[in-house]
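Novice: Build the 3D model from these lines:
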Amino acid sequence: MTELTLEQKTARNIEVDMKGREVRITWADGYRSVYPLDYLRKICPCATCNAQRRNQDPLRVLKPDQIVTTAELRAERPVEMVGNYALQFFWADGHNVGLYSFEFLRQKNP
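Specialist: Below you'll find the predicted structure:
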């Protein structure tokens with residue numbers, strides 16, 4: 001993977017569109033990324049989600065609480081900045097431990 005420049009991984013403006021169900025980031029280099037909420041939930045970088053993705057068995061039957069159909073953010077507290085380097089999303093299903101670094105988000109641009 002190519003090393004990102006400081007401008008490429010520095011967010012200048014972050015917009016959370018709850019109605020449109022997306023997050024828009026304008027980067028310091030002028031590039032603009034649009035992340036659907038479903039995509040962000042699917043790529044959650046936390047240890048639990050990473051382990052689940054690594055151990056996925058396409059034939060395994062999921063329990064009802066393991067099925068994420070539509071990712072929704074908590075209306076009262078959808079997202080917070082973590083220092084100058086990451087976003088923490090507060091999902092309606094209670095999940096909130098993934099820290100989405102700006103470098104990670106830029107690399108995962110859909």
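
Novice: mind listing what the helix or strand containing residue 23 pairs with, with the direction of each?
Specialist: Assessed by DSSP states H and E, residue 23 sits inside strand 22-27. Strand 22-27 sits in its sheet next to strand 11-17 (antiparallel), strand 32-36 (antiparallel), going by DSSP bridges.

Novice: next SSE after the last one?
Specialist: Reading on from strand 32-36 to the C-terminus, the next helix or strand found by DSSP H and E is helix 37-42.

Novice: what's that following helix in contact with?
Specialist: 21-23, 68, 70-73, 89, 91, 95, 100, 110 (CB atoms under 8 Å, 6 or more residues apart in numbering). Quick note: C-beta positions are derived from backbone N, CA and C, even for glycine.

Novice: Can I get it as PDB, trimmed to CA atoms?
Specialist: Extracted in PDB, the C-alpha atoms of helix 37-42 (Å, rounded to 0.1, in the frame of the first residue of the first chain):
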ATOM      1  CA  LEU A  37     -23.000   4.400   6.700                       C
ATOM      2  CA  ASP A  38     -23.500   0.700   5.800                       C
ATOM      3  CA  TYR A  39     -20.000   0.700   4.400                       C
ATOM      4  CA  LEU A  40     -18.500   2.300   7.500                       C
ATOM      5  CA  ARG A  41     -20.200  -0.200   9.800                       C
ATOM      6  CA  LYS A  42     -19.000  -3.100   7.600                       C
END
